[in-house]
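Peer 1: need a 3D model of the following:
(chains A and B)
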2 protein chains.
Amino acid sequence: MPILFAFPKYESFARALESPGFSHGTLSIKHFPDGESLVTLQTDVKDKDVILVCGLDDADQKMAPLLFFTKTARELGAKSIGLVTPYLGYMRQDKRFNPGETVSSNIFAKFLSSLFDWLLTADPHLHRHESLDEIFTVPTTTLHASALLAAWIKKHIKKPIVIGPDEESRQWVQDVAQQADIPFVVLKKVRHGDKNVEITVPDIETYQDHTPVLVDDIISTAQTMIETIKHLNSLKTKPPICLGIHAVFAHDAYAKLKNSGVAEIVTTNTISHETNKIDVAPLFAQALEHKTN
Amino acid sequence: MPILFAFPKYESFARALESPGFSHGTLSIKHFPDGESLVTLQTDVKDKDVILVCGLDDADQKMAPLLFFTKTARELGAKSIGLVTPYLGYMRQDKRFNPGETVSSNIFAKFLSSLFDWLLTADPHLHRHESLDEIFTVPTTTLHASALLAAWIKKHIKKPIVIGPDEESRQWVQDVAQQADIPFVVLKKVRHGDKNVEITVPDIETYQDHTPVLVDDIISTAQTMIETIKHLNSLKTKPPICLGIHAVFAHDAYAKLKNSGVAEIVTTNTISHETNKIDVAPLFAQALEHKTN
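Peer 2: Model prediction:
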């Protein structure tokens, strides 16, 4: 019977994954006065399959606890250790854009591969890598929230028009739109100089009576969404909805997006945030049951 | 010719280590808006021996940059990578004190061993481990600041009496005292219940005309030093001096110690702090020259 452990902020997500076949483990992460971490596994893991639930937003802060948790679990006799990470960080630097730069997606994947026996995640930001298998050396399973996004749109928005952020995301946006059986367009960005980017929404005048639904996999700085909303507001469209899978929200991005003229901001609970309205836990629970049976 | 790189806050320490045989490399550590690190090696390392200078105070914050720096240096063809770490963190949790606890000294040492080919440090906090070789799988060199401490005391304090923090440290304290040719005592701690510890200084009345010099390897919470100073003040000794190797100073420990009735606080520059008055860089420079010749 596998034991499920959760890192802080992922306890409720882990509880949603429990099934009659699983038991619940507890751990604590404390800090000594000098800042050093002390991880304690309060549940015996000897000869057990261990599953850790931990999103990898703020990944730098989690590296020490991840290392300590996994190595200690092995010392204490864990049979296997899997990682359930609703949000897989460090996937965006997938190339050496400038000489001497770290390709952190690859290095981080190798680091995780050295700690865990397998990994389960949802919608990792893959661009230059086609699949996680290119960078992980342990088996990975990738889940997709697109059907849940499509279902949410269908249920809550009367006449939606889905708007994707860029050509890169076209296939994924199309997938969401087709599952909801609604139209979609993809933003056009025209770069004027280094920082000035002009955003236009192709054919948006055709959809004047539709509600624009801006979708993206990660909402981080929200800069493109905010620019797009400005543009849509100037065209006097219906107030747009923003829909993202991973609620990263860097710095004050959430406050800025909230005040941009958006009608509603909706995310999934891969990262805990007050905008979470789509529950991906059932997706993970199903995959996990499949995996451990 | 080896190339010396330094992590932030260790640039001036690294400059002090440069010799005609070394060249100076530059790196940058930036953060994306979502907090993820981007390490860039701005100096070519192909076929070079690389030396990174980085203290391991605040070690959790440095794990991601350490991983990215070393793995990228290897990808870019570095011949070898050594770590010069004036302060080696994570040495105190050297035992599983309670069931399920991480023994972080061992795991952290293995982590560093997986990144570097060798390590050079000063006065690591060794208690249950006799030497770093027990926990590191790569060659390590340990330097000792005791002669520099002894020299500082001899030069600046007229009639000193050295006071060590506990029996554990007796040998080290004796070493400092003998090198300075001065007397020493070691604190006696009597525990009353869980939190109440009474501290006494054996035979201190014999040294009424001496200046107490409290020495320790790490000043972290400074709790023992503060208690000892209180006790000494109540005995109306001369105002004591506090002397530490590693200026960790957790939270408000420095402010508290400063206001405790201490005459002066003196540390070495293994961790940059305004109390640094003893320069250990020449010690490292010498060892490094020896190592790379």
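
Peer 1: what is the neighbour count of residue A:270?
Peer 2: Using other C-beta atoms under 10 Å in any protein chain shown, residue A:270 is surrounded by 31 other residues. Bear in mind the C-beta positions are built from the backbone N, C-alpha and C, glycine included.

Peer 1: for it, phi and psi?
Peer 2: The phi and psi values for residue A:270, taken as degrees, to the nearest 10, are phi -70, psi -30.

Peer 1: confidence score at it?
Peer 2: We have a pLDDT of 98 for residue A:270.

Peer 1: for the stretch 101-250 of chain A, what lies in contact range of chain B?
Peer 2: A:101-104, A:107, A:110-111, A:220-221, A:248, A:250 (C-beta under 8 Å from any C-beta of the partner chain).

Peer 1: and those as JSON lines, adding pLDDT, secondary structure and distance to residue B:75?
Peer 2: Below are these laid out as JSON lines (pLDDT from 0 to 100; DSSP: H, G, I helix; E, B strand; the rest coil; distance: C-beta to C-beta, whole Å):
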{"residue": "A:101", "pLDDT": "98", "secondary structure": "strand", "distance to residue B:75": "11"}
{"residue": "A:102", "pLDDT": "98", "secondary structure": "coil", "distance to residue B:75": "9"}
{"residue": "A:103", "pLDDT": "97", "secondary structure": "coil", "distance to residue B:75": "8"}
{"residue": "A:104", "pLDDT": "97", "secondary structure": "helix", "distance to residue B:75": "12"}
{"residue": "A:107", "pLDDT": "98", "secondary structure": "helix", "distance to residue B:75": "9"}
{"residue": "A:110", "pLDDT": "98", "secondary structure": "helix", "distance to residue B:75": "11"}
{"residue": "A:111", "pLDDT": "98", "secondary structure": "helix", "distance to residue B:75": "14"}
{"residue": "A:220", "pLDDT": "95", "secondary structure": "coil", "distance to residue B:75": "26"}
{"residue": "A:221", "pLDDT": "95", "secondary structure": "coil", "distance to residue B:75": "29"}
{"residue": "A:248", "pLDDT": "97", "secondary structure": "coil", "distance to residue B:75": "27"}
{"residue": "A:250", "pLDDT": "95", "secondary structure": "coil", "distance to residue B:75": "28"}
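
Peer 1: of those residues, buried ones?
Peer 2: Buried by 16 or more other C-beta atoms under 10 Å in any protein chain shown: A:101-104, A:107, A:111, A:220-221, A:248, A:250, out of those.

Peer 1: among the residues you listed, which pair sits farthest apart?
Peer 2: Within these, two members stand farthest from each other by C-beta to C-beta: A:111 and A:221, at 25.4 Å.

Peer 1: what would the buried ones among the residues of the stretch 101-250 of chain A next to chain B look like in a markdown table with distance to residue A:140?
Peer 2: Shown next, in a markdown table, are these (distance: C-beta to C-beta, whole Å):
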| residue | distance to residue A:140 |
| --- | --- |
| A:101 | 24 |
| A:102 | 21 |
| A:103 | 18 |
| A:104 | 17 |
| A:107 | 16 |
| A:111 | 14 |
| A:220 | 22 |
| A:221 | 27 |
| A:248 | 21 |
| A:250 | 26 |
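
Peer 1: can you pull out the helices in the stretch 151-293 of chain A?
Peer 2: A:170-180, A:223-234, A:253-258, A:281-292 (DSSP state H, counting those that start in this stretch).

Peer 1: in the third one, what counts as buried?
Peer 2: Going by neighbour count (16+ other C-beta under 10 Å), the buried part of helix A:253-258 is A:253-254, A:257.

Peer 1: of these, which are in range of chain B?
Peer 2: residue A:253.

Peer 1: point out where chain A drops to low pLDDT.
Peer 2: A:194-195, A:293 (pLDDT under 70).

Peer 1: for the longest helix belonging to it, name the packing helices and strands.
Peer 2: Longest helix in chain A, counting residues (DSSP state H): helix A:59-75. Packing partners of helix A:59-75 (3 or more C-beta pairs under 8 Å, 6 or more residues apart in numbering or on different chains; DSSP states H and E): strand A:37-41, strand A:49-53, strand A:80-85, helix A:104-115, helix B:59-75, helix B:104-115.

Peer 1: which one of the buried residues of helix A:253-258 is nearest residue B:290?
Peer 2: So of those, ranked by how close each gets to residue B:290 (C-beta to C-beta), first place is residue A:253, at 51.6 Å.

Peer 1: excluding chain neighbours, what is closest to that closest one?
Peer 2: residue A:222 (4.3 Å; C-beta to C-beta, 6 or more residues apart in numbering or on different chains).

Peer 1: isn't that neighbour right up against residue A:257?
Peer 2: Yes. Between residue A:222 and residue A:257 there is a contact at 4.3 Å, judged by C-beta atoms under 8 Å.

Peer 1: endpoints of stretch A:217-224, how far apart?
Peer 2: 12 Å (C-alpha to C-alpha, to the nearest Å).

Peer 1: give the buried residues for it.
Peer 2: Those would be A:217-222, A:224, for stretch A:217-224 by 16+ other C-beta under 10 Å.

Peer 1: then stretch A:2-19?
Peer 2: Neighbour-count burial for stretch A:2-19 [16+ other C-beta under 10 Å]: A:2-7, A:10, A:13-14, A:17.

Peer 1: in helices only, show me the residues you listed.
Peer 2: Counting by DSSP H, the buried residues of stretch A:2-19 contribute A:13-14, A:17 to helices.

Peer 1: from those, pick the one nearest chain B.
Peer 2: residue A:14 (17.7 Å; C-beta to the nearest C-beta).

Peer 1: setting the sequence-adjacent residues aside, check what's closest to that closest one.
Peer 2: residue A:6 (3.6 Å).

Peer 1: confirm for me that that neighbour is in contact with residue A:55.
Peer 2: No. Contact criterion C-beta under 8 Å: residue A:6 and residue A:55 do not qualify, at 10.1 Å.

Peer 1: ok, back up a step: for the residue nearest to residue A:253, what are its contacts?
Peer 2: Listed by C-beta atoms under 8 Å, 6 or more residues apart in numbering or on different chains, the contact partners of residue A:222 are A:242, A:249, A:253-254, A:256-257.

Peer 1: now, which of those residues sits nearest chain B?
Peer 2: After measuring the contacts of residue A:222 against chain B - C-beta to the nearest C-beta - the closest member comes out as residue A:253, at 7.5 Å.

Peer 1: just to revisit the earlier point, residue B:207 is nearest to which of the helices of the stretch 151-293 of chain A?
Peer 2: Once the helices of the stretch 151-293 of chain A are compared by C-beta to C-beta, helix A:253-258 is nearest, at 61.8 Å.

Peer 1: about what we covered before: and for residue A:6 and residue A:55, which residues touch both?
Peer 2: residue A:13.

Peer 1: got the buried residues for stretch A:108-124?
Peer 2: Neighbour-count burial for stretch A:108-124 [16+ other C-beta under 10 Å]: A:108-109, A:111-113, A:115-124.

Peer 1: ends of that stretch, what's the gap?
Peer 2: 13 Å.

Peer 1: my guess is residue A:210 contacts residue A:238. True?
Peer 2: Yes. With contact defined as C-beta under 8 Å, residue A:210 and residue A:238 form a contacting pair (7.0 Å).

Peer 1: break chain A into its domains for me.
Peer 2: A:3-144+A:280-292, A:146-269 (automatic domain parsing).

Peer 1: from the chain's centroid, how far away is the last one?
Peer 2: Put plainly, it is domain A:146-269. When distances are taken as C-alpha atoms, centre = their mean, to the nearest Å, domain A:146-269 is centred 17 Å away from the chain's centroid.
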